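Novice: Take a look and give me a structure for this.
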Amino acid sequence: MDQVISTIGSALGGFFDSPVIQFGLRAIAAYVVIIWIATAYWAFRDMQTRSDNPILPYVAASLIILFTPVLFVFAALIYRLIRPHEKIGEATERSLAEEALINEVDAVLHCPTCARRVGEQWLICPTCRTRLNRVCPNCNRLVGLDWSLCAWCGKDFERREPIGAAVGATPAPYPVAAAVAATAASAVEPPVITTGVDGTTTRSRKSARTTSPRSTRAASDPLPER
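Specialist: Take a look at the predicted model:
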């Protein structure tokens, strides 16, 4: 029995002592070492894409190195379990998508009272009758209730116009009417005061006589009427 065991041992020793086998074993060992270092570098780069902390990538690479080329596979599994689930780029894209969704929801107009969806050109909410917009008195465009001036024509809603500008004197529609009014005003005479025999005084006013435009024209026309 001992002779058989020694024969097998000598055969195996001769097999491993072969130059080809030795070269193959060295190549396998070198390949394992390369995989070990590459795994540590992968953990370093992967942690850089998942965290802003500058120390964590070195910690991840050290974890792979400390487990030696024999047990580094277990270190890689442990690292995959404890690493952050999202990369920095993925987290940024997710936050941007959420922000875009929130902006889209905020862009939809809602009534401040009943929170129902309303139109952009609506003046009053048809549900609760809340005033939504108002009309500019200058350009007749819709403006917000909180606007201090119109963005279209520059109308200042907080400045009040003087009364004289708002209610002006209406001019006479025709020159003839203005002339008639002036003639009527000049025809009014002051009252005449008379003293009676008994010492009493009386005040009388002559009636103003206005001439029509037709009679004035007839008087000034030297040609007789037919």
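
Novice: mind listing what Glu93 touches?
Specialist: Contact analysis of Glu93 by CB atoms under 8 Å, 6 or more residues apart in numbering lists nothing. For every residue, glycine as well, the C-beta is placed using N, CA and C.

Novice: quick check: mean pLDDT across the strand or helix carrying it?
Specialist: Counting by DSSP states H and E, the element that carries Glu93 is helix 88-107. In this model, helix 88-107 has an average pLDDT of 87.

Novice: Give me the nearest residue to Asp135, chain neighbours excluded.
Specialist: One thing to correct before we go on: residue 135 is Val, not Asp. Leu142 (6.3 Å; CB to CB, 6 or more residues apart in numbering).

Novice: quick revisit: any buried residues in the helix holding Glu93, and which?
Specialist: For helix 88-107, the neighbour count (16 or more other CB atoms under 10 Å) marks no residue as buried.

Novice: same deal with stretch 126-146?
Specialist: So, applying 16+ other CB under 10 Å, buried residues of stretch 126-146: 132-133, 136, 143.

Novice: Save the residues you listed as TSV, and put in secondary structure and distance to Leu149 too.
Specialist: Output for the buried residues of stretch 126-146, formatted as TSV (DSSP: H, G, I helix; E, B strand; the rest coil; distance: CB to CB, whole Å):
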residue	secondary structure	distance to Leu149
Leu132	coil	19
Asn133	strand	15
Cys136	coil	9
Val143	strand	9
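
Novice: for these, which one is nearest Asp156?
Specialist: Nearest to Asp156, judged by CB to CB, of the buried residues of stretch 126-146 is Cys136 at 10.8 Å.

Novice: Hmm, the closest one is touching Gly144, no?
Specialist: No - if you go by CB atoms under 8 Å, Cys136 and Gly144 don't touch, sitting 10.6 Å apart.

Novice: which one's the longest helix in this protein?
Specialist: helix 19-48 (DSSP state H).

Novice: Which elements pack onto it?
Specialist: Secondary-structure packing of helix 19-48 (3 or more CB pairs under 8 Å, 6 or more residues apart in numbering; DSSP states H and E): helix 2-16, helix 56-66, helix 68-82.

Novice: mean pLDDT lowest for which of these?
Specialist: helix 2-16 (a mean of 64).
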